[in-house]
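Enquirer: sequence first, predicted model second:
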Amino acid sequence: MSNSVTSKGTTIFHISDNSEISKEKYINDILHAMENKLLLATISERYYQLQLKDKTTIDIPGWLKDCEYPFLWCSQGKRVHGSEQVIKWCIEIINEMVSEESNLSLTWIIVYLTLTLEYCVLGEMEKSFASLKKIENAIEMQTPKSDSFYHSYKISVDHVVYATKAHLLAATGEEGVAQQNKWKITLTQSMTTLSDQAGVFAMKCRFYCLSDYDEIDIKEELARKVLELEPNNGDWMLMLAKILRS
């Protein structure tokens with residue numbers, strides 16, 4: 001009498017009930033199957049990491065390389081997590097925000113810019129444009145008395161948002177329209193106040209922190225640069241302190 005152990009129709013090993021040797025073979029077959037499973041898992045993980053690396057190799061248009069925006073930041077940084085995980089975090093942050101925090105605060109803006117990037121990386125362009133549109137709509141509804149990051153750093157936010165939109169348009173074949181957005185961008189070296197420059201680099205720093213990029217030195221360098229540009233800003237002091245404690 002004998003028994004066969006199968007998995008999804010495929011015989012993995014054969015068992016004979018009347019042989020001591022076959023029991024040893026049975027154990028060896030189990031170990032072999034476990035080793036193969038482990039090997040398969042290892043290969044799958046390596047493939048995923050290679051795929052992740054390929055996904056985040058972002059082609060930056062030459063005429064946007066002097067701008068600061070998430071697609072460029074992503075191409076400069078070492079990613080730790082895939083798009084799905086980052087998107088999950090962003091959605092959790094949005095759900096946890098109270099209404100006051102979602103009024104164009106620094107975190108709120110960076111969350112939606114990050115979603116714009118990550119959906120694009122996954123090829124989900126409709127969701128990518130929709131995420132960016134959330135910021136554009138909020139900007140249109142701003143009132144002069146609004147107390148928000150955008151209100152204090154309008155030129156900084158416009159720089160990053162216009163560059164992001166130009167990239168998306170170029171990525172979907174609308175190069176002409178994309179370049180029209182480029183002319184709306186005030187480059188950091190052309191910004192007339194140190195505060196405007198600080199706003200851009202604060203956004204870049206927050207982006208790396210939010211998505212958990214493996215760039216602790218860059219995060220600290222950016223936070224120190226922001227604080228150097230605006231040394232009396234308590235928010236930037238706190239941002240640097242959090243990075244140093246991490």
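Expert: Ah, there it is.
Enquirer: residues near Glu228, how many?
Expert: For Glu228, the neighbour count with other CB atoms under 10 Å is 12. Glycine gets a C-beta too; all of them are placed from N, C-alpha and C.
Enquirer: tell me which element it falls in.
Expert: helix 216-229 (DSSP states H and E).
Enquirer: what comes up buried for that helix?
Expert: Residues Ile218, Lys219, Leu222, Ala223, Arg224, Lys225, Val226, Leu227, Leu229 are the ones in helix 216-229 that count as buried (16 or more other CB atoms under 10 Å).
Enquirer: does Asn181 touch His167 like I think?
Expert: No: contact between Asn181 and His167 fails when scored by CB atoms under 8 Å: they sit 9.0 Å apart.
Enquirer: quick one, which of these two is more surrounded?
Expert: Using other CB under 10 Å as the criterion, Asn181 and His167 rank with His167 on top: 27 against 20.
Enquirer: look up how far Leu210 lies from the more buried one.
Expert: Using CB to CB, to the nearest Å, one gets 19 Å for the distance from His167 to Leu210.
Enquirer: just Leu72 next, same as before
Expert: Leu72 is 16 Å from Leu210, by CB to CB.
Enquirer: more neighbours, these two?
Expert: Taking neighbours as other CB under 10 Å, Leu72 and Leu210 compare with Leu72 leading, 21 against 17.
Enquirer: ok, the more buried one to His159 distance?
Expert: Separation of Leu72 from His159 (CB to CB): 12 Å.
Enquirer: check the closest residue to Thr57 other than its chain neighbours and give its pLDDT.
Expert: Nearest residue to Thr57, sequence neighbours excluded (CB to CB, 6 or more residues apart in numbering): Ser75, at 7.3 Å. For Ser75, the pLDDT comes out at 81.
Enquirer: for Ser75, helix, strand, or coil?
Expert: Ser75 falls in the helix class when you classify it by DSSP: H, G, I helix; E, B strand; the rest coil.
Enquirer: repeat for His167
Expert: helix.
Enquirer: for Phe207, give its distance to Ile109.
Expert: Using CB to CB, Phe207 is found at 10 Å from Ile109.
Enquirer: got the domain ranges for the protein?
Expert: Domain ranges of the chain: 24-55, 56-245, per the TED database.
Enquirer: dump the residue contacts of Lys165.
Expert: Listed by CB atoms under 8 Å, 6 or more residues apart in numbering, the contact set of Lys165 reads Leu132, Glu136, Ala178, Asn181.
Enquirer: out of these, which sit inside helices?
Expert: Mapping the contacts of Lys165 onto helices (DSSP state H) picks out Leu132, Glu136, Ala178, Asn181.
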